[in-house]
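In: turn this into a model:
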Amino acid sequence: EMQFHPPVSLTHVGPQSGPVHGGTRILLQTVGTLPAMQHFCRFATTIVPAYLLQSDLLSCISPVSATHGYAHLEVSSNLQDFSSTPTEFEYQLPALLLSVTPATGPVSGNTSLTLRGANFQRHSAALGYTWCQIQLVKVVATFVNSPTLLCAVPALQAGYVSVELTQNGHDYTTSGLLFE
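Out: All right, here's what the predicted structure looks like:
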């Protein structure tokens with residue numbers, strides 16, 4: 001007996017961007033997801049498996065993209081009918097963190113760090129996705145221009161701490177830069 005199920009609808013996707021090298025874990029809030037079915041995400045023309053986490057929540061991993069820019073992101077339960085309301089996923093060139101100045105500051109914090117590098121995205125900062133991670137503390141990054149961001153150092157214990165950056169709240173640089 002053949003059964004008809006309407007296509008799955010997307011209601012929210014996060015994060016909405018990730019690096020072109022792929023590997024970003026994306027959460028998709030949906031309507032019409034059936035637990036007994038297999039699910040898929042389609043990024044432009046590339047299809048990857050999606051995993052049901054809850055009755056209305058799927059997860060998939062972004063595939064590699066040959067170019068940066070926007071790709072339609074859709075979901076399906078049968079590889080034939082995809083969500084009628086695709087969303088845009090932005091593939092970004094990976095942020096490159098090259099230097100942090102000053103190199104030292106007081107343990108009381110509130111030092112303004114200048115981060116220099118490449119591929120910093122203005123709109124990621126405007127959407128609140130750009131953060132510095134100083135040791136394990138996340139602080140909002142302020143976009144100055146493409147090679148420059150600012151972050152306020154929180155109060156920390158004395159010693160060297162790592163400084164990294166995210167532009168989607170999930171994928172962090174691995175620069176190995178330190179602040180004391």
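
In: what about this protein, any weak spots by pLDDT?
Out: When the per-residue scores of the chain are filtered using pLDDT under 70, the ranges that remain are 1-6.

In: for it, just list every one of the helices.
Out: With helices called from DSSP state H, the chain shows them at 122-126.

In: next, count neighbours for the closest residue to Pro94 other than its chain neighbours.
Out: Excluding the flanking residues, the one nearest Pro94 by Cβ to Cβ, 6 or more residues apart in numbering is Pro19, at 4.2 Å. To be clear about C-beta, it is placed using only N, CA and C from the backbone, and glycine gets the same treatment. Under the neighbour criterion other Cβ atoms under 10 Å, Pro19 is assigned a count of 21.

In: from Leu73, how far off is the spatially most central residue of the chain?
Out: Centroid-nearest residue in the chain: Asn168, 3.1 Å away (criterion: Cα atoms, centre = their mean). Using Cβ to Cβ, to the nearest Å, one obtains 14 Å as the distance from Asn168 to Leu73.

In: likewise Phe120?
Out: In this view, Phe120 and Leu73 are 23 Å apart by Cβ to Cβ.

In: still on that earlier bit, so what's the backbone phi/psi at the residue nearest to the centre of the chain?
Out: Listed backbone geometry of Asn168 is phi -140, psi 10, with angles given as degrees, to the nearest 10.

In: contacts only, for it.
Out: Listed by Cβ atoms under 8 Å, 6 or more residues apart in numbering, the contact set of Asn168 reads Pro15, Gln16, Ser17, Gly18, Thr24, Gln92, Ser124, Tyr129.

In: apart from its neighbours in sequence, what residue is nearest it?
Out: The shortest distance from Asn168 to any residue other than its chain neighbours is 3.9 Å, reached at Pro15 (Cβ to Cβ, 6+ apart).

In: contact partners for the one you found?
Out: By Cβ under 8 Å, 6+ apart, Pro15 lies in contact with Thr24, Ile26, Tyr129, Asn168, Gly169, His170.

In: the second one touches Pro63, doesn't it?
Out: No: between Ile26 and Pro63 there is no contact under Cβ atoms under 8 Å: 10.8 Å.

In: check contacts around Ala95.
Out: The neighbourhood of Ala95, defined by Cβ under 8 Å, 6+ apart, consists of Gly117, Ala118, Asn119, Phe120, Gln121, Leu165, Thr166, Gln167, Thr173.
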